[in-house]
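Peer 1: Build me a structure from this.
(chains A and B)
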Amino acid sequence: MEPAGWVMMIVSIGTVLCMVTFCLVKVLSLPAVEMDEIKGPLEIDTQDTVDAD
Amino acid sequence: MHKSENWGTRIGVILAVAGSAVGLGNFLRFPGQVAQNGGGAFMIPYFIALLILGIPLCWAEWTMGRYGGVRGFHSSPGIFSVLCKTPKARYMGTIGLLIPLIIYMYYVLIEAWCLGYAISYLDGSLMPANNPGDYGVFFDNFIGANSDGALLTAEHNWFLGVLLVTFGLNFFFLYRGITKGIEAFCRVVMPIMAMLAIIVLIRVLTLGTPDPAHPDQNVINGLGKLWNPDFSKLANPSTWLAASGQIFFSLSVGFGVIINYASYLRKKDDIALSGLTASSMNEFFEVCLGGLITIPAAFIFLGNAVPTNSTFALGFVALPEVFAHMPMGQLFGFLWFFMLFIAAITSSLSMLQPVIAFFEEGLGLKRHASAAILGLISMLGAGFVVYFSKGTVAMDIMDFWVGTVLLVVLALIQAILYGWVLGIEKGEKELHRGSHIRIPHFIQLILKYVTPLFLLIIFFMFITGEDAAKSVKAIQDNPVAKMTMMFILVIFGFLLLMVHIAGIRWEKEGRFDHLLEEEDD
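Peer 2: Have a look, this model is predicted:
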């Protein structure tokens, strides 16, 4: 592999890793959703499978 | 009227959108494009396209999707009507149903190939000990490429079984709904997919020089095969077009999926950071995993004979050859194809949701009925592709006209709707509602002026290119290609009719009345 190949590979992968790490750290460190906003499976069930037409 | 569905968690929607974007293209198409278009030099136009085309378009789709969703619509016909403040705009949204539906019809088959190959590695039938013969011949026979109707012979019964299982799995998760189906599935399988890919990556990077007779066929040179830059290729416009095309198809923009998924967000849910995170995850799978596994592995065992110009040849012919020679190849072959299957199923699930959402909100059907009708239509289409398997003509026509050209058309419509109908001032305000990051203003200017122009250029280059000429000639000369085109038009006509009926229903119910008086808050 040529030195330029190493540079392109490291810069490309490094850029993507920085981007994905920044985003994931930011998303995962956000405060939890407030209780009144939480929609558990039971609450959001549309019930449209219950009385099929 | 039943209660609208919503995503359960922030990470759930991100994983679902990333799952939709990550597919076979990340692992097979991307490395082929890099190798053909200047190696490492390709990454320069690639990242430029990501910044001015891919990510801004994703943000636009997320914004329009949530905008339509909080106003009670989840399908592109409804969302387009909301954006244009006229029910007539719904007809444009028909493309947003046609694209995922038609793509699903052939994509489910490719998904079944991956599962079929994974099973063949499990039982060892793809390993040299069981004498599978030439892998190219094996693949052609496996997909019935030699004659129409080949897959319906007794010899292929087990493959039809695999296809039915794949179909069933898709509809099982779809039927369970957004939170309990798609979100729950993606939350479990996305980390598994990353783990499997990383295991295969470690295996490839630790192969060293497996064949002492060919000392130059080693890992470092394998990486060089992909990453050594040829900067002279940057002077060729086709390199820039290839990079834009790769970004475009990889991020699933213009698919009708992101706009649908984003419509299940609540008014103050973040979309700026979520959109960026989903795009970044897709790039991780593409550049960091796809860019390090496929071509280097193939080079180590096949040398310069690696096929880079065909996704199927690379994935289903060259790689089995690699696993046949690799230590513990049976295990890694299974892990690889199972990983591809997961990548494919998270994408195919996303293709069904926009259509089922339309059947529910447009025609007032319950989920049972919507799933049943969608199952019937998609099975008809998949059956068409299964029967007309010779030379994958039917699949190629669908992929080119719907999976390539129409994708660009829909993205262009969406870019215009965002930049010129919704307006970048309102769009920027919407994008930042509940946002955890600030998007620079110049992105809005790019979305208004640069992106539509860029998409227009891509569109004209596609329809005036060699592939379009070949496809048109095939339609003129080949009856199967002609029938496929007719089939697409029939489905389009059916969807148009459904969209027309849905619009009448919506108007009767007064679902657009408030839009005309709505004040922008």
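Peer 1: in terms of contact, does B:Glu430 touch B:Arg66 like I think?
Peer 2: Yes - using C-beta atoms under 8 Å, B:Glu430 is in contact with B:Arg66, at 7.3 Å. Yep, even glycine has a C-beta here, placed from its N, CA and C like the rest.
Peer 1: neighbour count winner among these two?
Peer 2: Legend: neighbour count by other C-beta atoms under 10 Å in any protein chain shown for B:Glu430 and B:Arg66, higher for B:Arg66 (28 against 23).
Peer 1: and the more buried one, how far is that from B:Phe460?
Peer 2: Distance, B:Arg66 to B:Phe460, by C-beta to C-beta, to the nearest Å: 32 Å.
Peer 1: So the spatially closest residue to B:Arg90 that is not a sequence neighbour versus B:Gly93, what's the distance?
Peer 2: Leaving out its chain neighbours, the residue that sits closest to B:Arg90 by C-beta to C-beta, 6 or more residues apart in numbering or on different chains is B:Pro77, at 3.8 Å. Distance of B:Pro77 to B:Gly93, given as C-beta to C-beta: 3 Å.
Peer 1: any shared contact partners between the two?
Peer 2: Counting by C-beta atoms under 8 Å, 6 or more residues apart in numbering or on different chains, the residues touching both B:Pro77 and B:Gly93 are B:Val499.
Peer 1: Can you name the residue of chain B nearest to chain A?
Peer 2: B:Gly40 (2.7 Å; C-beta to the nearest C-beta).
Peer 1: In contact with that residue, which residues are there?
Peer 2: B:Gly40 neighbours (C-beta under 8 Å, 6+ apart): A:Ala4, A:Gly5, A:Val7, A:Met8, A:Met9, A:Ser12, B:Val34, B:Leu226, B:Trp227, B:Asn228, B:Pro229.
Peer 1: okay, those in TSV with pLDDT and neighbour count next?
Peer 2: Output for those, formatted as TSV (pLDDT from 0 to 100; neighbours: other C-beta atoms under 10 Å in any protein chain shown):
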residue	pLDDT	neighbour count
A:Ala4	95	17
A:Gly5	95	21
A:Val7	96	13
A:Met8	95	25
A:Met9	95	23
A:Ser12	96	22
B:Val34	92	30
B:Leu226	91	29
B:Trp227	94	29
B:Asn228	95	21
B:Pro229	95	20
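Peer 1: May I see those residues arranged in JSON lines, with distance to B:Ser244 as well?
Peer 2: Below are the contacts of B:Gly40 laid out as JSON lines (distance: C-beta to C-beta, whole Å):
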{"residue": "A:Ala4", "distance to B:Ser244": "23"}
{"residue": "A:Gly5", "distance to B:Ser244": "23"}
{"residue": "A:Val7", "distance to B:Ser244": "23"}
{"residue": "A:Met8", "distance to B:Ser244": "19"}
{"residue": "A:Met9", "distance to B:Ser244": "21"}
{"residue": "A:Ser12", "distance to B:Ser244": "17"}
{"residue": "B:Val34", "distance to B:Ser244": "14"}
{"residue": "B:Leu226", "distance to B:Ser244": "20"}
{"residue": "B:Trp227", "distance to B:Ser244": "20"}
{"residue": "B:Asn228", "distance to B:Ser244": "22"}
{"residue": "B:Pro229", "distance to B:Ser244": "19"}
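Peer 1: Okay, buried residues for the strand or helix carrying B:Met195 please.
Peer 2: Using DSSP states H and E, B:Met195 maps to helix B:184-205. Under the neighbour-count criterion of 16 or more other C-beta atoms under 10 Å in any protein chain shown, helix B:184-205 has B:184-187, B:189-190, B:193-194, B:196-197, B:200-201, B:203-205 buried.
Peer 1: so the following helix or strand past that helix versus helix B:184-205, what angle?
Peer 2: Proceeding N to C from helix B:184-205, the next assigned helix or strand is helix B:219-227, under DSSP H and E. Angle of helix B:219-227 versus helix B:184-205, following axes from the mean of the first three to the mean of the last three C-alpha atoms, to 10 degrees, is 120 degrees.
Peer 1: Give the other helices and strands that the longest helix seen in chain A contacts.
Peer 2: The longest helix of chain A (DSSP state H) is helix A:3-28. Helix A:3-28 sits against helix B:10-21, helix B:43-49, helix B:219-227, helix B:272-283, helix B:291-302, with contacts defined as 3 or more C-beta pairs under 8 Å, 6 or more residues apart in numbering or on different chains; DSSP states H and E.
Peer 1: give me the low-pLDDT residue ranges for the chain?
Peer 2: I went with chain A, as the question did not name one. A:32-53 (pLDDT under 70).
Peer 1: if you could check chain B rather than the one you did, that'd help
Peer 2: B:1-4, B:132, B:516-521.
Peer 1: By residue count, tell me the biggest helix in it.
Peer 2: Longest helix in chain B, counting by DSSP H: helix B:329-363.
Peer 1: the inter-axis angle of the helix or strand that it is followed by versus helix B:329-363?
Peer 2: The helix or strand immediately downstream of helix B:329-363 is helix B:367-387, counting by DSSP H and E. Using the same axes, to 10 degrees, the direction of helix B:367-387 lies 130 degrees away from that of helix B:329-363.
Peer 1: Show me the contact partners of helix B:367-387.
Peer 2: By C-beta under 8 Å, 6+ apart, the list of residues contacting helix B:367-387 reads A:46, A:48-49, A:52-53, B:101-102, B:104-106, B:108-109, B:144, B:148-149, B:151-152, B:160, B:163, B:167, B:171, B:174-175, B:177, B:352, B:355-356, B:359-360, B:363, B:365, B:394-395, B:398, B:484, B:487, B:491, B:494.
Peer 1: contacting residues for the residue in chain A that chain B sits nearest to?
Peer 2: Across chain A, the shortest distance to chain B (C-beta to the nearest C-beta) belongs to A:Met8, at 2.7 Å. Neighbour list for A:Met8: B:Gly39, B:Gly40, B:Ala41, B:Met43, B:Trp227, B:Pro229 [criterion: C-beta under 8 Å, 6+ apart].
Peer 1: make it 6 Å
Peer 2: B:Gly40, B:Met43, B:Trp227, B:Pro229 (C-beta atoms under 6 Å, 6 or more residues apart in numbering or on different chains).
Peer 1: Turn the residues you listed into a markdown table, including distance to B:Gly254.
Peer 2: A markdown table is the format used below for these (distance: C-beta to C-beta, whole Å):
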| residue | distance to B:Gly254 |
| --- | --- |
| B:Gly40 | 28 |
| B:Met43 | 23 |
| B:Trp227 | 29 |
| B:Pro229 | 29 |
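Peer 1: out of the residues you listed, which one sits closest to B:Leu273?
Peer 2: Of all the contacts of A:Met8, B:Met43 has the smallest distance to B:Leu273: 24.6 Å, by C-beta to C-beta.
Peer 1: That closest one reaches A:Ile13, doesn't it?
Peer 2: No - assessed by C-beta atoms under 6 Å, B:Met43 is found out of contact with A:Ile13, at 9.7 Å.
Peer 1: Of these two, give the one with the bigger neighbour count.
Peer 2: Comparing B:Met43 with A:Ile13 by other C-beta under 10 Å, the one with more neighbours is B:Met43, at 25 against 19.
Peer 1: Much appreciated, bye for now.
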